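S.K.: Have a look at this fold, sequence not included:
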């Protein structure tokens, strides 16, 4: 696995629920042959994550199903919901965790910034502005 980080990259601490970690690990492993670069990136993020009990994830952490507002290094603000690939719909603002930006967002806390590489291998940066946890129908 190649590590494409440089000394200028921002690699903040990330936090994941045990459930998200388990499901994302399975997803990344299943996609290794089809999407090796994205799978490697997601697996490297999972390796460095602090894993906490599902009920102990702070509300300001991006997790699966979260609605996230972030600002790009170009100053643009975006609002997206982080979803599994099967639920992705760019037009509806639902981005897959199996995209470079989706993988960059998972586990971040409000106020944190991260650098990541887009599909063209261009270095990007984003900063999380707000997180709204998933609304679970009950």
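M.R.: Thanks, I have the structure now. Just so you know, these numbers come straight off a predicted model, no measurement behind them.

S.K.: For residue 91, the count of nearby residues, please.
M.R.: 5 (other C-beta atoms under 10 Å). (Glycine included, C-beta is placed from N, CA and C.)

S.K.: Would you double-check that it falls in a helix?
M.R.: Yes. Using DSSP: H, G, I helix; E, B strand; the rest coil, the assignment for residue 91 is a helix.

S.K.: any idea of the pLDDT on it?
M.R.: You'll see residue 91 listed with a pLDDT of 95.

S.K.: Relative to residue 38, how far out is it?
M.R.: 21 Å (C-beta to C-beta, to the nearest Å).

S.K.: Going along the chain, name the helices of this structure.
M.R.: With DSSP state H as the definition, the chain shows helices at residue ranges 18-30, 36-48, 100-105.

S.K.: residues in contact with the shortest one?
M.R.: The set of residues that contact helix 100-105 without belonging to it, under C-beta atoms under 8 Å, 6 or more residues apart in numbering, is 38, 41-42, 45, 62, 68, 70, 80, 82, 95-97, 114, 116-119, 124, 126, 128.

S.K.: which parts of the longest strand along the chain are buried?
M.R.: Ordering each strand of the chain by length in residues (DSSP state E) puts strand 123-132 first. Using 16 or more other C-beta atoms under 10 Å as the burial criterion, the residues of strand 123-132 that qualify are 124-128, 131.

S.K.: Among those residues, give me the pair with the biggest separation.
M.R.: 124 and 131 (19.3 Å; C-beta to C-beta).

S.K.: Tally up the residues packed near residue 23, please.
M.R.: Neighbour tally, residue 23, other C-beta under 10 Å: 15.

S.K.: Identify the residue nearest it in space, chain neighbours excluded?
M.R.: Residue nearest to residue 23 in three dimensions, not counting chain neighbours: residue 64, with 7.3 Å by C-beta to C-beta, 6 or more residues apart in numbering.

S.K.: Alright, that wraps it up for me.
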